[in-house]
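*Asks:* I'll drop the sequence and a predicted model, then ask my questions.
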Amino acid sequence: MTASKKKLTLIALTLTLAAGSALSMATAMATQDDIKISKESVSQNKHINKIRELKGKPQEIDAYVSNLNTQEILEAAYELSNAGELALDQQGAMFVPLLKKRWDAGLPMEDIASMVKDKTNNDNFRSFLLDGTVSVGFKKERVASEATQDSEKEKLGDLLIELASDKSEKEAVRKYSLMKLRDVPKDGGKKAKQEKALADIVNDTDTPAAVKGAALTAMKRTNHPGLAQAVAEVMKNPLSEEGILVRHAVAEGAKSGTLKDIKVMKQLAKDTKDAEVYATTVYSIGLLGGPESVLAVLDVYGKYGNTDIANYTLERNQKTVLSMLETGQPREYILAALQAVMYAKLRTAEANVETLVNHTDIEVREKAAQVLVSLKALPVNNIPSNAEKWGN
């Protein structure tokens, strides 16, 4: 091949590659731009009517749905959302794997954000779209490059904060956005902006209690420096606060270690007239661990007839309970632990209890004998399946 022919071939190849690249870029841009919802189009129920025609033919339905492009999948989801939340939950599941697969390499965040923020769109569809975006965007392992994932997480975080901060937005959307927030922006300026937004939500007197509570959960998940103060504010007079806010404060405070006062929590469990606050507080006391935690749970045991939450909490702390049964422990600890064993039916404590039948203290001996009888009457499979993983 002559030099001139080689040169022409190289030029032709270069032009071909450039054209292919341009075509790929144009296709990608068109796909990105095409993800818009036409309310006029979805009102015709084109996709859902087709799926209904194929009722009883699962393979044909699968083939039809699989051949839809992303735009059409979202249109079909919107059509379902017009039929109500239940319809979207039940039938929309067929679209979820397809969207997750197509978005694994990259999310069209600008279009998604636009559709989610558009309050004229169906609320069920907005929730469906936001939920799908969160499940992909915060997924640990994806095909997308690390840089793409970081960028998308940042944009997704911005979207969630914007939705949560919008006072004109529906309470459910604000709460959902906060409950899904978990990543801290790498950029210092954006991190500070996110922290301020969360603090503003918690401190705003007009914000619904459920949204404030969700903001406390977001603060905990993002290691917000103001969480301790926010929890302390709620716990100054928890009986005057709405139950949902108190529950978030107690739970996130205990999980983060910013709320450690067992006496305060026990008093709340005793005084509250809200059964859900009681249950959350008992559970949270258990998160703190240690003998004093066990004593506190026993002290408020069974309020509102709810023994399940206390029994569960005692099971989670059974390592502590077992340690309290050791002969060298204070009499108060041993008696309390025996009661905990009886309440929670801790078959794993049988050997410890048998030892205490010969204790020098008559009350301990009698209690141990009583508990031992109750344990031996339990079925063998009463032992919790993951008992070795529980406790502190």
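*Replies:* The structure has been received and is ready for your questions.

*Asks:* who touches stretch 226-239?
*Replies:* Stretch 226-239 has contacts (CB atoms under 8 Å, 6 or more residues apart in numbering) with 195, 198-199, 202, 216, 219-220, 224, 241, 245-246, 249-250, 252-253, 256, 258-259, 264, 268, 271-272, 277. C-beta coordinates here come from the backbone N, C-alpha and C atoms, glycine included.

*Asks:* need the CA coordinates for that stretch. PDB is fine.
*Replies:* The C-alpha trace of stretch 226-239 is given here as PDB (Å, rounded to 0.1, in the frame of the first residue of the first chain):
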ATOM      1  CA  GLY A 226     -24.800  19.100  66.400                       C
ATOM      2  CA  LEU A 227     -26.600  15.800  67.100                       C
ATOM      3  CA  ALA A 228     -25.800  15.800  70.900                       C
ATOM      4  CA  GLN A 229     -27.200  19.300  71.300                       C
ATOM      5  CA  ALA A 230     -30.300  18.500  69.200                       C
ATOM      6  CA  VAL A 231     -31.000  15.400  71.300                       C
ATOM      7  CA  ALA A 232     -30.500  17.200  74.500                       C
ATOM      8  CA  GLU A 233     -33.000  19.900  73.500                       C
ATOM      9  CA  VAL A 234     -35.700  17.300  73.000                       C
ATOM     10  CA  MET A 235     -34.800  15.500  76.200                       C
ATOM     11  CA  LYS A 236     -35.100  18.700  78.400                       C
ATOM     12  CA  ASN A 237     -38.800  18.100  78.600                       C
ATOM     13  CA  PRO A 238     -39.700  15.100  76.500                       C
ATOM     14  CA  LEU A 239     -43.200  14.800  77.900                       C
END
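
*Asks:* mean confidence for it?
*Replies:* Per-residue pLDDT values over stretch 226-239 give a mean of 97.

*Asks:* in which helix or strand does K220 reside?
*Replies:* Assessed by DSSP states H and E, K220 sits inside helix 209-221.

*Asks:* in which helix or strand does the nearest residue to L80 once chain neighbours are set aside reside?
*Replies:* Once flanking residues are discounted, L80 sits nearest to L88: 4.7 Å by CB to CB, 6 or more residues apart in numbering. Using DSSP H and E, L88 sits within helix 85-91.

*Asks:* quick one: that helix to chain centroid distance?
*Replies:* Here the centre of helix 85-91 is set off from its chain's centre by 21 Å, with CA atoms, centre = their mean, to the nearest Å.

*Asks:* contacts for it, please.
*Replies:* By CB under 8 Å, 6+ apart, helix 85-91 touches I51, A77, L80, S81, N124, F125, S127, F128.

*Asks:* just give me the neighbour total for the second one.
*Replies:* The one in question is A77. 26 (other CB atoms under 10 Å).

*Asks:* show me what contacts it?
*Replies:* With CB under 8 Å, 6+ apart, A77 has these contacts: L88, G92, F95, F125, F128, L129.

*Asks:* can you do 10 Å?
*Replies:* 37, 42, 47-48, 88, 91-92, 94-96, 99, 122, 124-125, 128-129, 132 (CB atoms under 10 Å, 6 or more residues apart in numbering).

*Asks:* again, but for G84
*Replies:* Contacts for G84 were tallied using CB under 10 Å, 6+ apart; they are Q90, N122, N124.

*Asks:* drop anything exposed from those.
*Replies:* The neighbour count (16 or more other CB atoms under 10 Å) marks N122, N124 as buried among the contacts of G84.

*Asks:* redo the contacts of G84 as a markdown table? Include pLDDT and distance to E366.
*Replies:* Converted to a markdown table, these look like this (pLDDT from 0 to 100; distance: CB to CB, whole Å):
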| residue | pLDDT | distance to E366 |
| --- | --- | --- |
| Q90 | 74 | 57 |
| N122 | 88 | 66 |
| N124 | 89 | 61 |
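
*Asks:* circling back: now the element after the helix holding L88, going C-ward?
*Replies:* Following helix 85-91 toward the C-terminus (DSSP H and E): helix 96-103.

*Asks:* show me where pLDDT drops low in the stretch 251-392 of the chain?
*Replies:* Low-confidence segments of the stretch 251-392 of the chain (pLDDT under 70): 381-392.

*Asks:* so which residues of it form helices?
*Replies:* 262-271, 275-288, 291-299, 308-316, 318-324, 331-344, 350-356, 362-376 (DSSP state H, counting those that start in this stretch).

*Asks:* helices or strands next to the fifth one in the packing?
*Replies:* Put plainly, it is helix 318-324. helix 291-299, helix 308-316, helix 331-344, helix 350-356 (3 or more CB pairs under 10 Å, 6 or more residues apart in numbering; DSSP states H and E).

*Asks:* redo those helices as CSV? Include mean neighbour count.
*Replies:* Output for these, formatted as CSV (neighbours: other CB atoms under 10 Å):
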stretch, mean neighbour count
helix 291-299, 20
helix 308-316, 20
helix 331-344, 21
helix 350-356, 18
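
*Asks:* quick one: closest of these to V184.
*Replies:* helix 308-316 (28.9 Å; CB to CB).

*Asks:* using PDB, write out every CA atom in the closest one.
*Replies:* C-alpha atoms of helix 308-316 as PDB (Å, rounded to 0.1, in the frame of the first residue of the first chain):
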ATOM      1  CA  ASP A 308     -42.300  -8.300  74.200                       C
ATOM      2  CA  ILE A 309     -40.000  -5.300  73.900                       C
ATOM      3  CA  ALA A 310     -38.500  -5.800  77.300                       C
ATOM      4  CA  ASN A 311     -38.000  -9.500  76.700                       C
ATOM      5  CA  TYR A 312     -36.400  -8.800  73.400                       C
ATOM      6  CA  THR A 313     -34.100  -6.200  75.100                       C
ATOM      7  CA  LEU A 314     -33.100  -8.700  77.800                       C
ATOM      8  CA  GLU A 315     -32.400 -11.300  75.100                       C
ATOM      9  CA  ARG A 316     -30.100  -8.900  73.300                       C
END
